[in-house]
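Engineer: Just the structure for this:
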Amino acid sequence: MNLSKTIYFSLFLCISLSGVGEAFAQTLNNYLETAAENNPALKSKYQQYLAALERVPQSGALPDPSLSFGYFISPVETRVGPQRSRFSLQQMLPWFGTLDARKGAATQEAKVRFEEFMQAKNELYFTIKASYYQLFDIREEMKLTEENIKVLESYERLATQKYENALSTMVDILRVQMQIRKEQNQLLILAETMKAQRSTFNTLLNRSPLTEVQVPAFLDDTLVLEDIDKISDAIIARHPSLSVLKEEANLLNEQERLAQLSGKPNLGVGLDYVIVGNRSDMEMPDNGKDVIMPMVSLSLPLFNRQKYKAMRKEILVKQEANQLTVASRENELINTLNKVLQDYQIARNNIQLYEAQMESTQQAISILNSAYESTSERFKDILQFQLEHLSYSIMLNKALTESRIAKAKLDELTAVEITMNDAVDE
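Structural biologist: Predicted coordinates for the structure are as follows:
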């Protein structure tokens, strides 16, 4: 694996399940369960799996027997009487093992459909978690903006007092009022963004777009050490997209077996029943006795050898393509893991930077506030540092969201939720 352990620290975001974090986890898990039950795309995948299951008994069934009737317009005279009519019943039987091969292929196809369902479920869980974290991000930015407006309003009152006491100019008041209006407009934009994001989230759960979404007051982030090699092994072993390809490989094996048997002859067993009339010109043993004749037939696939040979070759080519697709998909997943680790580490570095910058801007604001109380200068600098403090607060919140989404992506790569759900179901 081309991942340098000296660059990445193998640190991943883990949501604490205590206190408010416990309520959060329960709420998010409930949303995941609701989506699993109601999401139309996911339900469609599951119905396709159920439909594939219904094809299994169909594939293992014998073809319908054929019954035919014939009437002799001119009766065929025989020693025991004229033949009047004939009934024929025949049942064709595929070559030995063909029905089992068909049933095995149908069963394997159902397994493919099931793994596709699990893949869709895994992707849906990640999308819901990412959307949930974005809702939290927007809500936190709204809180930060509201707090900043309150601080700016306090500066407005202070600037007004100093202006009334002839200690400052009207410019200070106008400057802070302009910034307040700007922040109030940003708050309206965030409210509309929240509505759109809430609608997106509810759509994933197949609910009304206006349904309220419960978001926790805060998320407690803790760091957990992870071994990168173990994560890679877990991805290769459990990721649903690879499971789909593995089941498709098994399906191709069943189809190869079936193709080999398709070139074999079919057996037919039947029974002919001929109704014979009585001879009126003489009396004799078995006069007018009906005829019962067992029948055995064999189909001869003489003219389809090229067809069956091409079928087998097609499957061999598909098997090779499947192996190459598996190798390519594994490389893609490892590359995605590297990208997730990179995004996470960048987010953690930014978190440290923004926390330090917030501390410095807060110190600068305190110093400038003390100076402004005694003089009319530096008010513009106070506003500038206040806006920088808000900006760093918002960027810190976004960096935390990015680290949470990176952890959610890691869960999607290792199929954590669906693996845990399968263990519970068993």
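Engineer: After the helix ranked longest in the chain, which helix or strand is next?
Structural biologist: Ranked by number of residues, the top helix in the chain under DSSP state H is helix 305-374. Per DSSP states H and E, the first helix or strand lying C-terminal to helix 305-374 is helix 379-414.
Engineer: So which elements touch that next one?
Structural biologist: strand 11-15, helix 98-164, helix 170-204, strand 221-225, helix 228-238, helix 305-374 (3 or more C-beta pairs under 8 Å, 6 or more residues apart in numbering; DSSP states H and E). For the C-beta atoms, the positions are set from N, CA and C on the backbone; glycine is no exception.
Engineer: in the third one, what's buried?
Structural biologist: Residues of helix 170-204 classed as buried: 172-173, 175-177, 179-180, 183, 186, 190, 193-194, 197-198, 201-202, 204 (neighbour count, 16 or more other C-beta atoms under 10 Å).
Engineer: Confirm that residue 76 sits in a strand.
Structural biologist: Yes - assessed with DSSP: H, G, I helix; E, B strand; the rest coil, residue 76 lies in a strand.
Engineer: quick one: it and residue 342, what's the gap?
Structural biologist: According to C-beta to C-beta, to the nearest Å, residue 76 stands 88 Å off from residue 342.
Engineer: so who does the nearest residue to residue 148 once chain neighbours are set aside touch?
Structural biologist: Spatial nearest neighbour of residue 148, chain neighbours left out: residue 390 (4.6 Å); criterion: C-beta to C-beta, 6 or more residues apart in numbering. The neighbours of residue 390, taking C-beta atoms under 8 Å, 6 or more residues apart in numbering as the test, are 144, 145, 148.
Engineer: Burial check on the first one, number of neighbours?
Structural biologist: The number of residues packed near residue 144 is 19, by other C-beta atoms under 10 Å.
Engineer: I'd like the helices and strands packed on helix 379-414 as TSV, with distance to residue 48 appended.
Structural biologist: Converted to TSV, those look like this (distance: least, C-beta to C-beta, whole Å):
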stretch	distance to residue 48
strand 11-15	33
helix 98-164	5
helix 170-204	20
strand 221-225	37
helix 228-238	22
helix 305-374	20
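Engineer: Where among the ones you listed is average confidence lowest?
Structural biologist: The minimum mean pLDDT among these belongs to strand 11-15 (a mean of 31).
Engineer: what about residue 372, how many residues close to it?
Structural biologist: Using other C-beta under 10 Å, residue 372 has 21 other residues around it.
Engineer: Backbone dihedrals for residue 62, both of them.
Structural biologist: phi -70, psi 150 (degrees, to the nearest 10).
Engineer: Over to residue 54. Which of the three states is it?
Structural biologist: From three-state DSSP, the assignment for residue 54 is helix.
Engineer: so how far is residue 240 from it?
Structural biologist: 23 Å.
Engineer: Mind checking which of these two has more residues around it?
Structural biologist: More crowded of residue 54 and residue 240, by other C-beta under 10 Å: residue 240, with 21 against 10.
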